[in-house]
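[1] only geometry, no sequence info:
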């Protein structure tokens, strides 16, 4: 008992004190019915002794400040999500208005770099056997050993964020690989049931904390799905 008292630094209540504590908890209006007692009660404080009412007011102010900070954080997050949603909508509309595959890839490069403050944006397309995909510079030979490192991302059909391995960075960002400290990797699949992956969209940042492994990927997933469907439509036009 003594050891526990030293660790917690809390007084050990005797049976009478426990009974008083229980009674006060069961009767929170006790002091409203006995206002005269409040004037005689004090609580220890760093600067001396304060009345119970002063202490209650102090606690309420602290709770108010904490709730205000939480509310401000929620408002800031909502504003950020609203601005992000607007940018994604503009990005989607631009993709839908694209005339051909080259225009699609150009929009991806320019919009994500400008509107989303990306330091590097690359699209690596896989050769699906479609004639329009032949001999394009974005085409990646899936037989290359280094591409095997992306197999799990494509199989899971979900974006991933964080720090990529050196071989992954080089195969995606080439000469810029050494400057990329974190990245978002988005498999280009139309939906979870799709059996076709058109490639990978990689967004790189020079900041190590820009894309974290624990961050949400809802917006990234939306970008990947719409880009995949636009790619499918462009290929069907050829």
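    Great, that's in hand. Quantities reported herein were computed from a predicted structural model and do not represent experimental measurements.
[2] Just list what the longest helix anywhere in the chain packs against, helices and strands only.
    With DSSP state H setting the assignment, residue counts place helix 52-96 as the longest helix in the chain. Where contact means 3 or more Cβ pairs under 8 Å, 6 or more residues apart in numbering; DSSP states H and E, helix 52-96 is packed against strand 42-45, helix 101-115, helix 218-237. C-betas here are computed from N, CA, C, even on glycine.
[3] can you put these in JSON lines and add mean neighbour count?
    Formatted as JSON lines, those follow (neighbours: other Cβ atoms under 10 Å):
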{"stretch": "strand 42-45", "mean neighbour count": "11"}
{"stretch": "helix 101-115", "mean neighbour count": "17"}
{"stretch": "helix 218-237", "mean neighbour count": "18"}
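[4] now for these, which one comes closest to residue 125?
    When the helices and strands packed on helix 52-96 are compared by Cβ to Cβ, helix 218-237 sits nearest residue 125, at 7.9 Å.
[5] who's in contact with the closest one?
    For helix 218-237, contacts defined as Cβ atoms under 8 Å, 6 or more residues apart in numbering pick out 84-85, 88, 91-92, 95-96, 98, 100-101, 104, 108, 125, 128, 130, 132-133, 158-159, 161, 184, 186-191, 194, 196, 198, 201, 203.
[6] Mind telling me which of the helices and strands packed on helix 52-96 the model trusts least?
    Among the helices and strands packed on helix 52-96, strand 42-45 carries the lowest mean pLDDT, a mean of 60.
[7] re earlier: among the contacts of helix 218-237, which ones are buried?
    88, 91-92, 95, 98, 101, 104, 108, 125, 128, 133, 158-159, 161, 184, 186-190, 194, 198, 201, 203 (16 or more other Cβ atoms under 10 Å).
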